[in-house]
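Undergrad: Provided below are the primary sequence and the corresponding predicted coordinates.
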Amino acid sequence: MVAALPSNGTFMDTIARSRFTLAACVLAALALLVVLPLHLLSALLAGLLVFAIIDTLAPRLERYVPRASAHGIVVLGLSIVVVGLLTVAVVAIVSIVRREVGDPSAFLESLNPLLDRARGQLPAFVVDHLPDNISEMRVAAVDWMRQHAGALQLAGKTAARVFVHLLIGMVLGAMIALAAARGRGQAHTPFMDALLARSRNLLHAFRDIVFAQVKISAINTLLTGIFLLVLLPLFSTPVPFAKTLVVVTFIVGLLPVAGNLISNTLIFVAALSVSFADAVAALVFLILIHKLEYFLNARIVGTQIRARAWELLIAMLLMESAFGIGGLIAAPIYYAFLKRELVEAKLI
């Protein structure tokens, strides 16, 4: 019995490690919560994305580099490539949407036939709230913009700030990956080891959610693109702004569960503006896609973080209520991080 008890030194070491781990967990939780009210979520996600990509690809490339001293060069080159490709991807997405929407006046004119078709297909109580023609819609839009000029100006500044934060976050992620490559094998203090463990858990949680959700969103986007860009034009009238809808489907699809609902609603409304038959076809297609996403979530996301769809929805609802849209986006990652920490601590 006595022999089974840990020695005094071992016991004290265990207590010290527990204190360091607890302090690191508290500090990590405070940092993650502070990110949201300071509007730094875009920078955090961009940094995590770059670091996760480099952390995944670098070990595979380093196998072909004989000298350990050259590993930093591999990470540096990979960082430049990843940041460059992600920046080009963001600019390309913005360009596609702007090219399809085009000039605001032309955009409003293109809504005129959609408005006419909608008035002939929608119920009377809905039609009563629609503008009679495009001129009335333009006047209403101008009045709305005049009344909300301050909010629109703030939205423009926010969009510019988010873009800058994305760039800064990507650069920081690359710099941290390079620093981590150079500092491999170095000894750290117990508290720093505990902080690094929390950082690794956050990275794994991000990778589990985002990389898995990218696969799901890519599959949804591929099927949606086939439906909107191939099947509907082949058998019926093309849906307006189909390319933009495909891009939006991929972007909002990165948000588990809720993203699919957002894209489904937009596609259904766009199809309804063409014809009732197209709207029914879109609805049937979207129901099938929705069922497929639940299956994929259960197989990919649920398996990796051991969470059901309703758990993610509750986390998203609570975080959205507390922090708005930023909390909604961060909720799956934060919940995966929390669950990983609880599993590691053998509390669940």
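TA: Happy to help now that I have it. Residues are numbered from 1 along each chain as shown.
Undergrad: only C-alpha atoms from now on, for both contacts and neighbour counts.
TA: Noted.
Undergrad: put the alpha carbons of the host helix or strand of K291 into CSV.
TA: Here K291 sits within helix 276-296, counting by DSSP states H and E. Output in CSV follows, covering the C-alpha atoms of helix 276-296 (Å, rounded to 0.1, in the frame of the first residue of the first chain):
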residue,chain,number,x,y,z
PHE,A,276,-42.6,28.1,-59.3
ALA,A,277,-41.4,24.9,-61.0
ASP,A,278,-37.8,25.9,-60.6
ALA,A,279,-38.4,26.8,-57.0
VAL,A,280,-39.9,23.3,-56.3
ALA,A,281,-36.9,21.7,-58.1
ALA,A,282,-34.5,23.7,-56.1
LEU,A,283,-36.3,22.9,-52.9
VAL,A,284,-36.1,19.1,-53.6
PHE,A,285,-32.5,19.4,-54.5
LEU,A,286,-31.7,21.5,-51.4
ILE,A,287,-33.5,19.0,-49.1
LEU,A,288,-31.3,16.2,-50.5
ILE,A,289,-28.2,18.4,-50.0
HIS,A,290,-29.3,19.2,-46.5
LYS,A,291,-29.6,15.5,-45.7
LEU,A,292,-26.2,14.9,-47.2
GLU,A,293,-24.7,17.6,-45.0
TYR,A,294,-26.1,16.0,-41.9
PHE,A,295,-24.6,12.7,-42.9
LEU,A,296,-21.2,14.3,-43.7
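Undergrad: and that helix, what does it pack onto?
TA: On a contact count with 3 or more C-alpha pairs under 8 Å, 6 or more residues apart in numbering; DSSP states H and E, helix 276-296 meets helix 212-226, helix 258-272.
Undergrad: show me what counts as buried in the last one.
TA: The reference is to helix 258-272. A258, G259, N260, L261, S263, N264, I267, F268, A270, A271, L272 (16 or more other C-alpha atoms under 10 Å).
Undergrad: kindly report the same for stretch 33-52.
TA: Result for stretch 33-52 [16+ other C-alpha under 10 Å]: buried residues 33, 35-36, 39-52.
Undergrad: what does stretch 309-320 give?
TA: For stretch 309-320, using 16+ other C-alpha under 10 Å, the buried residues are L312, L313, A315, M316, M319, E320.
Undergrad: and the fifth one, how far is that from L178?
TA: The one in question is M319. Distance of M319 to L178, computed by C-alpha to C-alpha, to the nearest Å: 33 Å.
Undergrad: ok, the first one next?
TA: Distance, L312 to L178, by C-alpha to C-alpha: 33 Å.
Undergrad: then the third one?
TA: Taking C-alpha to C-alpha as the criterion, A315 is separated from L178 by 33 Å.
Undergrad: again with the last one
TA: Going from E320 to L178 by C-alpha to C-alpha gives 34 Å.
Undergrad: return the member of the buried residues of helix 258-272 nearest to T21.
TA: In terms of C-alpha to C-alpha, no member of the buried residues of helix 258-272 lies closer to T21 than A258, at 34.0 Å.
Undergrad: quick check: which element contains D55?
TA: D55 belongs to helix 41-62, assigned by DSSP H and E.
Undergrad: what packs against that helix?
TA: So helix 41-62, by 3+ C-alpha pairs under 8 Å, 6+ apart, packs with helix 71-101, helix 149-182, helix 190-206.
Undergrad: need those helices in a markdown table (columns: mean neighbour count, distance to A345 and mean pLDDT).
TA: Shown next, in a markdown table, are those (neighbours: other C-alpha atoms under 10 Å; distance: least, C-alpha to C-alpha, whole Å; pLDDT from 0 to 100):
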| stretch | mean neighbour count | distance to A345 | mean pLDDT |
| --- | --- | --- | --- |
| helix 71-101 | 16 | 32 | 74 |
| helix 149-182 | 17 | 25 | 74 |
| helix 190-206 | 18 | 12 | 88 |
